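Generate coordinates for the sequence data below:
(2 chains)
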Amino acid sequence: MNGSFQQWLENCGSPPGLVACGLRQPDGNLICRGIEAGCPAEMMEKILAHFEDLRAAGFMGDLAPRWSTWNFDQGRVRFIERPDGWLLGLVARHGSAAAHGLDLLSQEFLSLPPGG
Amino acid sequence: MAQETFTPLAGGNWEIHCAASPNAALELLNQQKMDLAVVDVNMPLLDGIQFLDLLGKRHPSLKKVTLTAFATEEKRSACLAAGAELFIEKPRTDNEFQSVFAMLDDLMNWAPRQGFQGMLKRVGLMDVIQLECLGRNSSVLEIYNEHVFGRIYIEDGNIIHAAGGDLTGERALQQLLALPGGSFELVPFEPPPQNTISGSWEFLLMEAARKRDELASQAVPGEPEIDPKTLTAPVVASTRVVEMLICSGQGQPLYEENCPDAPGRAAMLKKISEVGARFAETLPLGALDRAELELSAGRAVALIRPDRLVFVRVAREAAGS
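Alright, predicted model coming up:
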């Protein structure tokens, strides 16, 4: 089951501008990939852990976003959480193919059947 | 093949480079200045229309032409809307190659105009102003459509004057930014007849955005008619601000509008700011500018600045509702 989400992420490939990506499983285990040089998988693990802290603090309150996008000077991070507890994190450079494809990937991830 | 065919036709006047992928093309464009990009509509990973859009954002002065083997009216409209100057069917014979080259050559002989040019609907006037202010640039933004001509003056990254119709100052700025469509050009700075605007450009733009949304919520469906003196332009409603909160950099609420739980939202902004700083330490992406939340019936934005934190929630509404 878990492999299906991982497989989906691998099938997404590495479009230009994708810095890193990662999945957090409902049980808290992480599957992360660093793509850009100098951005190891551990970096994505930290990012997902920071986001998890934020989420656990209930910061989104009543808003219940479908996804959130964090825009930085040189790129953005997208977090998409499914109702079944899977969380996807994507880091992309501004203006890149990866950044342009974030919405599409987010929609796809949300529409995957339970268990991928 | 394009390189082999076009190089002799260029007669030494043009240097022709080929890229096998959008990424390779972007690398080429980063390495040296190009005058024209000829884009295949059907490309792997990123289609030509998206790529045109990307080129428009990253290389706004670059002229763009699309080529396709399967031309349709839909593709043509999409390419032209994405910024292509020409939409051409792929040539097959020598004569067709010569005709295409003549078209490209002719396109490049068009006299370039000074400054940037864009469409309000496509580029986002607010974005251009924001870029000018962030870059601490000095420029004049001339905005026009069939009814209206106006100017916004930016000096050293500050909005100092706006004029349009009978209006000047903040009111002119707000009405110009609320126009439903038109064109603009960024031209070299010249001092305005008077300085009518002061204060933080972020607040000015935020207030203008609020005003625009307010106008949109009062919109009458149909062809907008703009009063050239007052610049009042009824626009078709698409979003409505439902909640806004402005806090100090420490999360102290300073201003709120329809915010049901200001302390809760302030705490959320503070938390986003803190976590954003942790992300920034971990990622090679610079500082956090804002977090955007995609909601089921709208969108929320948390703008993070050292001296202020802003939360705005907008609702999407059907046109005319």
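
interface residues of chain B facing chain A?
Proximity of chain B to chain A (C-beta under 8 Å from any C-beta of the partner chain) is limited to residues B:21-23, B:26, B:45-46, B:50, B:53-54, B:57-58, B:261, B:264-265, B:267-268, B:271-272, B:275-276, B:278-280, B:282-296, B:300, B:313. For every residue, glycine as well, the C-beta is placed using N, CA and C.

taking those residues one by one, which sit in strands?
B:288-295, B:300, B:313 (DSSP state E).

mind checking the longest helix of the chain?
In the absence of a named chain, chain A is used. When chain A is parsed with DSSP state H, its longest helix is helix A:41-56.

To clarify, I was referring to chain B.
helix B:262-282.

so how far is that one off the chain centroid?
Offset of helix B:262-282 from its chain centre (C-alpha atoms, centre = their mean, to the nearest Å): 27 Å.

one step back: tell me the strands beside the helix or strand following the longest helix of chain A, with direction?
Following helix A:41-56 in sequence order, the next helix or strand is strand A:67-72 (DSSP states H and E). In the sheet, strand A:67-72 lines up against strand A:75-81 (antiparallel), strand B:288-295 (antiparallel) (DSSP bridges).

which other helices and strands contact the longest helix of chain B?
helix A:41-56, strand A:67-72, strand B:239-248, strand B:253-257, strand B:288-295, strand B:298-305, strand B:308-316 (3 or more C-beta pairs under 8 Å, 6 or more residues apart in numbering or on different chains; DSSP states H and E).

how about the helices in the stretch 101-250 of chain B?
In the stretch 101-250 of chain B, the helices defined using DSSP state H, counting those that start in this stretch lie at B:120-123, B:125-134, B:169-177, B:201-217.

Out of these, indicate the one that is most buried.
When the helices of the stretch 101-250 of chain B are scored by mean count of other C-beta atoms under 10 Å in any protein chain shown, the highest mean neighbour count falls to helix B:169-177 (a mean of 22).

Restricting to C-alpha, output that one in CSV.
Provided in CSV are the C-alpha atoms of helix B:169-177 (Å, rounded to 0.1, in the frame of the first residue of the first chain):
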residue,chain,number,x,y,z
GLY,B,169,-3.1,60.7,-4.9
GLU,B,170,-4.3,57.5,-3.2
ARG,B,171,-7.7,57.6,-4.8
ALA,B,172,-6.2,57.7,-8.3
LEU,B,173,-3.9,54.8,-7.3
GLN,B,174,-6.8,52.7,-6.1
GLN,B,175,-8.9,53.4,-9.1
LEU,B,176,-6.1,52.7,-11.5
LEU,B,177,-5.3,49.4,-9.8
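
counting contacts, what elements does it pack onto?
helix B:125-134, strand B:149-155, strand B:158-164, helix B:201-217.

other SSEs contacting the third one?
In this structure, strand B:158-164 packs against helix B:125-134, strand B:149-155, helix B:169-177, helix B:201-217, with contacts taken as 3+ C-beta pairs under 8 Å, 6+ apart.

To A:Asp62, which of these lies closest?
Closest approach to A:Asp62 among the helices and strands packed on strand B:158-164 is made by helix B:201-217 (21.2 Å; C-beta to C-beta).

Show the average pLDDT along the closest one.
Taken as a whole, helix B:201-217 carries a mean pLDDT of 78.

which residues touch the longest helix of chain A?
If you take C-beta atoms under 8 Å, 6 or more residues apart in numbering or on different chains as the criterion, helix A:41-56 is touched by A:20-22, A:24, A:28, A:30, A:32-34, A:77, A:79, A:81, A:87, A:89, A:91, B:271-272, B:275, B:278-279, B:282-283.

Would it be right to say that A:Ala92 lies in a strand?
Yes. Assessed by DSSP: H, G, I helix; E, B strand; the rest coil, A:Ala92 belongs to a strand.

what's the distance between it and B:Phe203?
A:Ala92 sits 30 Å away from B:Phe203, taking C-beta to C-beta, to the nearest Å as the criterion.

Mind checking what secondary structure B:Phe70 has?
coil.

burial count for it?
Counted with other C-beta atoms under 10 Å in any protein chain shown, residues neighbouring B:Phe70 total 9.

OK, contacts around it?
B:Asn42.

how about a cut-off of 10 Å?
By C-beta atoms under 10 Å, 6 or more residues apart in numbering or on different chains, the residues touching B:Phe70 are B:41-42, B:89-90.

Mind checking which of those are in strands?
B:Glu89.

Redo the contacts of B:Phe70 as CSV? Include pLDDT and neighbour count.
Compiled in CSV, those are given as follows (pLDDT from 0 to 100; neighbours: other C-beta atoms under 10 Å in any protein chain shown):
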residue, pLDDT, neighbour count
B:Val41, 85, 23
B:Asn42, 81, 11
B:Glu89, 82, 14
B:Lys90, 82, 15
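
Pick out the most distant pair among the contacts of B:Phe70.
Greatest spatial distance among those (C-beta to C-beta): B:Asn42 and B:Glu89, at 12.7 Å.

hang on, the earlier thing: of the helices of the stretch 101-250 of chain B, which approaches B:Val187 most closely?
Closest to B:Val187 of those, according to C-beta to C-beta: helix B:125-134, at 11.7 Å.

Would you mind checking the average pLDDT for the closest one?
Averaging pLDDT along helix B:125-134 gives 84.

Equivalent analysis for stretch B:243-250, please.
Averaging pLDDT along stretch B:243-250 gives 91.

Where in chain A is the helix or strand with the lowest mean pLDDT?
Lowest by mean pLDDT, DSSP states H and E among the helices and strands of chain A is helix A:2-11, with a mean of 78.

Quick one: list the elements packing against the helix or strand that that one is followed by.
Heading C-terminal from helix A:2-11, the first helix or strand you meet, by DSSP H and E, is strand A:18-24. Judged by 3 or more C-beta pairs under 10 Å, 6 or more residues apart in numbering or on different chains; DSSP states H and E, strand A:18-24 is in contact with helix A:2-11, strand A:30-34, helix A:41-56, strand A:75-81, strand A:87-93, helix A:97-100, helix A:102-111.
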